[in-house]
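[1] sequence below, structure please.
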Amino acid sequence: MDVGFTGTQNGMSIDQSVTLHHLLHEFNPNRVRHGMCVGADKQFHDICRSMGLYIIGHPGITSRGTVWNRADCDVDEIEPELPFPDRNTVIAQECDILIATPEQIDEQVRSGTWSTIRRAWKFYKPVFIIYPNGIVEERHGA
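    Now for the predicted structure:
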């Protein structure tokens, strides 16, 4: 199983982090992948590294080709740099399931996390949304 991850650059709440640990143990993935950003991606990375999981990094760049929010992650495999929307699409395409830790409870229009969730739904992937209070909702797209 290949688990993709997306989350807020402001980082996960403690409740989200605890629930994430439980989900990862339940899913027992062969590989995980994330966008290598500061905040939740880095937290996810560190949790996965502590569990000995194989990690694929998907670094993003701005439309001008600059890097401004990349975390220092020792990934096992790294994909080519892509503009953030394209990078999010690849993560959504390549995973079997997506785990998301948004900062907000309500869906946001201008949010990379919610954008990745919507992309996963377009590919009919199950998405496990861990809200800031640690509650998980499994949602499927169209």
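
[2] helix, strand or coil for residue 6?
    strand (DSSP: H, G, I helix; E, B strand; the rest coil).

[3] number of residues surrounding it?
    31 (other C-beta atoms under 10 Å). To be clear about C-beta, it is placed using only N, CA and C from the backbone, and glycine gets the same treatment.

[4] wait, what's in contact with it?
    Applying C-beta atoms under 8 Å, 6 or more residues apart in numbering to residue 6 gives the contacts 34-35, 40-41, 88, 91, 98-101, 112-113, 116-117.

[5] cutoff 7 Å now
    For residue 6, the contact set (C-beta atoms under 7 Å, 6 or more residues apart in numbering) comprises 35, 91, 98, 100, 113, 116-117.

[6] quick one: furthest residue from the center of this structure?
    residue 64 (23.0 Å; C-alpha atoms, centre = their mean).

[7] picking up where we left off before, and the least confident of the contacts of residue 6?
    Among the contacts of residue 6, residue 113 carries the weakest pLDDT, at 89.

[8] distance of it relative to residue 32?
    16 Å (C-beta to C-beta, to the nearest Å).

[9] how about residue 95?
    Taking C-beta to C-beta, one finds residue 95 at 9 Å from residue 32.

[10] quick one: low-confidence parts of the chain?
    For the chain, the stretches with pLDDT under 70 are 106-109, 141-142.

[11] looking at it, which helix is longest?
    helix 14-27 (DSSP state H).

[12] which positions within stretch 22-42 qualify as buried?
    24, 29, 31-37, 39-42 (16 or more other C-beta atoms under 10 Å).
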